[in-house]
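> Sequence unavailable; structure follows:
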């Protein structure tokens, strides 16, 4: 994803090396579509344990409506809804659902059937 989170609003408390995120709202839209730029569509809650600062433990819930995504090589882009949990320390587990709404693929499909 190459778009930044814009217009974010955060309510969090850092106490005893524990970051508790009560609210992290923001806008994750296509920067070329200025009409959607003001819409809040990304919501994060949960916490991050910084007891081992360089190895934080994550426990985050990430939800979004009409989230814009674009692959790093720009071959694919679109909008979708997300419900994701991100947990762990050394190994980060990402689980959830991404429901694609609409999008485009800009790469040609080439048939590479190998002959037997």
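Yep, it's here. In this text, all values refer to a predicted model and were calculated from it rather than measured experimentally.

> Tell me the confidence at the closest residue in space to residue 18 that isn't next to it in sequence?
Distances taken as CB to CB, 6 or more residues apart in numbering put residue 49 closest to residue 18, at 5.6 Å, once the chain neighbours are dropped. Every C-beta, even on glycine, is put in place using the N, C-alpha and C of the backbone. For residue 49, the model assigns a pLDDT of 97.

> partners of residue 49 in the sheet?
Counting by DSSP bridges, residue 49 is bridged to residue 18, residue 57.

> so who does residue 83 touch?
By CB atoms under 8 Å, 6 or more residues apart in numbering, the contact set of residue 83 is 62-63, 96-97.

> what helix or strand is it on?
Applying DSSP states H and E as the criterion places residue 83 in strand 76-88.

> And for residue 73?
Using DSSP H and E, residue 73 sits within no helix or strand.

> Leaving aside the residues adjacent along the chain, what's closest to the residue positioned nearest the centre of the chain?
Centroid-nearest residue in the chain: residue 62, 7.1 Å away (criterion: CA atoms, centre = their mean). The shortest distance from residue 62 to any non-neighbouring residue, by CB to CB, 6+ apart, is to residue 84 (4.5 Å).
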